[in-house]
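[1] quick check, what structure comes out for this input:
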Amino acid sequence: MSVHFNIRAIKKQGGENVAAKTYKMLTLFSVGAICYGFMEILNRGYSHITMGVLGGTSMLVIHIMNGERRRGVSLLSVLAVSAAFITAIEFLAGEYLNRYLGMGIWSYEEVPLNFDGQICLPFAFLWFGLSYIGVLADNFIRRHIFKEYPVIVKQGKEKIPAAVG
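    Residues are numbered from 1 along each chain as shown. Okay, here's the model as predicted:
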């Protein structure tokens, strides 16, 4: 018995080819994972594979939130939600990896305003700033790799820029 997989049989899901959407998500995840891993190496001299997973996941959320800007969500809202998400997954990962499994990947115990040594307010603000860099990277990837162009939303009316095409 053979299994035949025809990519053309998978038409469209939500207006986008499933294979193309998968490729886009893998690209964004990889960019987030690699970039965050490099930032950690530059800052601490080393990183851990789980930080790449968190960086990639964070980039996917930034991408999704940045897409909401096309519907009129403000940039500040995108950055705030992204930073809150990153802080939340950092806490969950820290509690599991560092506390439960005892891996000791990071600790904010010496940083002021920390919670259980896994998250802290200064880094939550850092995630806000890094989310802006993520939005810029997402815009670049959308435009130059995936050839997506922004839809301008003004007073409830959508307009596609003349530069499309």
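
[2] next one: the residue most central in space within the chain from Asp116, what distance?
    Central residue of the chain (Cα atoms, centre = their mean): Met59, 1.4 Å from the mean position. Per Cβ to Cβ, to the nearest Å, Met59 is found 26 Å from Asp116. Heads up, the C-betas are built off the backbone N, CA and C, glycines and all.

[3] kindly report the same for Trp106.
    Between Trp106 and Asp116 the distance is 12 Å, computed by Cβ to Cβ.

[4] list the buried residues in stretch 18-32.
    By 16 or more other Cβ atoms under 10 Å, the buried positions in stretch 18-32 come out as 24, 28-29, 31-32.

[5] and stretch 129-142, by the same measure?
    Residues of stretch 129-142 classed as buried by neighbour count (16+ other Cβ under 10 Å): 130-132, 134-135, 137-138, 141-142.

[6] go on, stretch 60-78?
    For stretch 60-78, by 16+ other Cβ under 10 Å, it's 60-66, 69, 78.

[7] turn the buried residues of stretch 129-142 into CSV, including pLDDT and distance to Glu110.
    Formatted as CSV, the buried residues of stretch 129-142 follow (pLDDT from 0 to 100; distance: Cβ to Cβ, whole Å):
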residue, pLDDT, distance to Glu110
Leu130, 97, 21
Ser131, 97, 25
Tyr132, 97, 27
Gly134, 97, 27
Val135, 96, 31
Ala137, 96, 31
Asp138, 96, 33
Ile141, 95, 36
Arg142, 94, 39
